[in-house]
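Asks: Model the structure of this input:
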Amino acid sequence: MLISSNRSEFILGIDVGTSGMRAVVVESKGFSNEIIEFSTTVTMAFPDRTDSQSEQNPTVWLMTLEKLFSQLQAYRNLSKITKLVLDATSSTVLLCDRNGTPKTPALMYDDKRAQAQATLIKKVGPDESGAHGASSTLAKVLWLENHLQTTQDRFDPNAYFICHQIDFVNHFLTGKTNITDENNALKLGYDSVHQCWPEWVKELVSTPLPDVVAPGTELAKIQPGLAQQYGFNSNLMVYTGTTDSIAAFLASGAHQVGDSVTSLGSTLAIKLLSDRPVFAPQFGIYSHHLKGQWLIGGASNAGGAVLLKYFSLDTLIELLPQIDIDNPTHLHYYPLLTSGERFPIADAELSPKLAPRPSSDVAFLQAMIEGLVEIEVLAYQRLTELGAPKVERIFTAGGGLKNAVWMTLRARQLTAKIEPANNSDAAFGVTRLLF
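Replies: Numbering: from 1, shown residues only. All right, here's what the predicted structure looks like:
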């Protein structure tokens, strides 16, 4: 439920990313009645990536956070901030000891080393679980447990905690351990429909599973030492957060059942707010529980990266104004970079359709953009077929907003009202969990 008030609250939102962190101070009187008072960003080193492995030393996150807090001191009203909430990268995880000290590296969201563990999960986990795949949190936790078992003389699983990236940072802020939000827990196998850890997950995992609470739940006051060091209010309350993509959704302005966000970047991603969940693993579709509603997500492998494979950015800028959108090509392209698609068509062998190629580069580019629009139309049709509510409004985010041809063609073919996202800043969006 959206709340409006005459009383201002000052909320600090922090987006914990892979290569940096961003903080936003918001003065809020309720949803869509906010002023961004101050913002700052700190970069950090990229993860170490080798083949299928991607990892990061979690202490880097704390060092970056302290730099962020130092920069926040330029905001003169830190003591007015009474609420703090974070978002972080989904499916980034490590194991800590009972004191919250890291005992493994953090396996990042794109780490795919846990192939054997993913095979095991596929055998025992239901299709609709969000824990499938080598990049899932559950597969990584099983890999980390196995790694500790093989490298230690005596492995006691009860001596460890599972820490998502957000949990680790929240422990630093509050001292609380073994608590996570249900959005981050989804890829660890949490069942948001029945609000529990399934028995099959309990049987797989040796380490104690975290307590799961709703995003935006009071966690604890900030640790006194941090408040004193950086000038925060000693009563500053830290709340459980969510994933980065959900925080970006909240920033868009979408908040009613039937609201959706289409984001065109390297790929085409769709999120739709619903009064009921939809799980369709064959299409890579799953649902997050969010403030009493459900956020249905799906992503195509098609997207802006295909355009950039054939044309430089400068060339795109030159060609786009030459397209005559009143004369369609009727080529019905399916612009993929490589074979394989999940949504809206579930076909691991689906080949890119980029032929016949017109002699004109303008017509070729037009056909690819038309194909992207057709994919989006089919995507929303597919969600409706699977039981999602009718789409009423589509907020648009990503680099595609700058593509006037794409925006105009979408407005002609999609029945819902199309408008640009109000904001795409996850650090701002996550503050909207709190009202």
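
Asks: and the next element down the chain from the longest strand along the chain?
Replies: In the chain, with assignment by DSSP state E, the single longest strand is strand 4-16. Next helix or strand after strand 4-16 toward the C-terminus (DSSP states H and E): strand 20-30.

Asks: Let me know the angle separating that following strand from strand 4-16.
Replies: Strand 20-30 runs at 170 degrees relative to strand 4-16, counting by axes from the mean of the first three to the mean of the last three C-alpha atoms, to 10 degrees.

Asks: Show me what strand 20-30 pairs with in its sheet, parallel or antiparallel.
Replies: Strand 20-30 pairs in its sheet with strand 4-16 (antiparallel), strand 34-43 (antiparallel), by DSSP bridges.

Asks: From the chain's centroid, how far away is the following helix or strand past the last one?
Replies: Read that as strand 34-43. Next in sequence after strand 34-43, counting helices and strands by DSSP H and E, comes strand 48-50. Here strand 48-50 is found 21 Å from its chain centre; the criterion is C-alpha atoms, centre = their mean, to the nearest Å.

Asks: ok, strand 48-50: who's next to it in the sheet?
Replies: Strand pairing for strand 48-50, determined by DSSP bridges: strand 53-56 (antiparallel).

Asks: List the buried residues for the strand it pairs with?
Replies: Residues of strand 53-56 classed as buried by neighbour count (16 or more other C-beta atoms under 10 Å): 54-56. (C-beta placed from N, C-alpha, C; glycine too.)

Asks: closest to residue 166 among those?
Replies: Within those, distances to residue 166 taken as C-beta to C-beta reach their minimum at residue 56, with 14.0 Å.

Asks: Tell me the bridge partners for the closest one.
Replies: Assessed by DSSP bridges, residue 56 has beta-bridge partners residue 106.

Asks: in this protein, which spans are helices?
Replies: 59-72, 115-124, 137-151, 165-174, 182-185, 199-204, 224-230, 244-252, 304-310, 313-319, 361-385, 404-413, 426-429 (DSSP state H).

Asks: quick one: average pLDDT of the longest one?
Replies: It stands for helix 361-385. Mean pLDDT, helix 361-385: 97.

Asks: Mind listing what's buried along it?
Replies: Neighbour-count burial for helix 361-385, with 16+ other C-beta under 10 Å as criterion, is recorded at 363-377, 379-380, 382-383.

Asks: tell me the angle that helix makes with helix 404-413.
Replies: 40 degrees.

Asks: Which strands or helices does helix 361-385 pack on?
Replies: Helices and strands touching helix 361-385, as assessed by 3 or more C-beta pairs under 8 Å, 6 or more residues apart in numbering; DSSP states H and E, comprise strand 259-264, strand 268-274, strand 293-300, helix 304-310, helix 313-319, helix 404-413.

Asks: would you list the ones you listed in a markdown table and tack on mean neighbour count and distance to residue 230?
Replies: Listed next are the helices and strands packed on helix 361-385 as a markdown table, based on neighbours: other C-beta atoms under 10 Å; distance: least, C-beta to C-beta, whole Å:
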| stretch | mean neighbour count | distance to residue 230 |
| --- | --- | --- |
| strand 259-264 | 25 | 34 |
| strand 268-274 | 25 | 34 |
| strand 293-300 | 22 | 33 |
| helix 304-310 | 18 | 39 |
| helix 313-319 | 13 | 40 |
| helix 404-413 | 17 | 43 |
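
Asks: and residue 166, which of these is closest to it?
Replies: For residue 166, the closest of these is strand 293-300, at 17.0 Å, according to C-beta to C-beta.

Asks: Grab the CA positions of the closest one and hand them over as CSV.
Replies: Extracted C-alpha coordinates of strand 293-300, given in CSV (Å, rounded to 0.1, in the frame of the first residue of the first chain):
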residue,chain,number,x,y,z
GLN,A,293,2.2,-8.4,-4.6
TRP,A,294,4.3,-10.4,-7.1
LEU,A,295,6.9,-9.2,-9.5
ILE,A,296,7.1,-11.5,-12.6
GLY,A,297,10.4,-11.4,-14.5
GLY,A,298,11.5,-12.7,-17.8
ALA,A,299,14.4,-11.8,-20.2
SER,A,300,15.1,-12.4,-23.9
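
Asks: so what does that strand touch, helix or strand wise?
Replies: If contacts are counted by 3+ C-beta pairs under 8 Å, 6+ apart, strand 293-300 sits against helix 244-252, strand 268-274, strand 286-290, helix 361-385.

Asks: Relative to it, what are the paired strands and their orientations?
Replies: Here strand 293-300 is paired, per DSSP bridges, with strand 268-274 (antiparallel), strand 286-290 (antiparallel).

Asks: and residue 126, how many neighbours?
Replies: For residue 126, the neighbour count with other C-beta atoms under 10 Å is 13.

Asks: circling back to that earlier point, identify whichever of the strands paired with strand 20-30 lies nearest to residue 291.
Replies: Across the strands paired with strand 20-30, closest to residue 291 is strand 4-16 (C-beta to C-beta), at 15.6 Å.

Asks: quick one: buried residues of the closest one?
Replies: Using 16+ other C-beta under 10 Å as the test for burial, strand 4-16 gives 9-16.

Asks: Let me have the helices of the chain in TSV, extended by distance to residue 91.
Replies: Formatted as TSV, the helices of the chain follow (distance: least, C-beta to C-beta, whole Å):
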stretch	distance to residue 91
helix 59-72	15
helix 115-124	12
helix 137-151	5
helix 165-174	9
helix 182-185	8
helix 199-204	15
helix 224-230	27
helix 244-252	11
helix 304-310	21
helix 313-319	30
helix 361-385	23
helix 404-413	30
helix 426-429	16
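
Asks: quick revisit: same question for the longest strand of the chain, mean pLDDT?
Replies: The average pLDDT within strand 4-16 is 85.

Asks: tell me the angle that strand makes with helix 244-252.
Replies: Using the same axes, to 10 degrees: strand 4-16 against helix 244-252 is 150 degrees.

Asks: before we move on, back to that, nearest to residue 433, of the strands paired with strand 20-30?
Replies: strand 4-16 (8.7 Å).

Asks: Quick check: nearest residue in space to residue 171, chain neighbours excluded?
Replies: Counting by C-beta to C-beta, 6 or more residues apart in numbering, residue 100 is the residue found nearest to residue 171 once chain neighbours are left out, at 4.3 Å.
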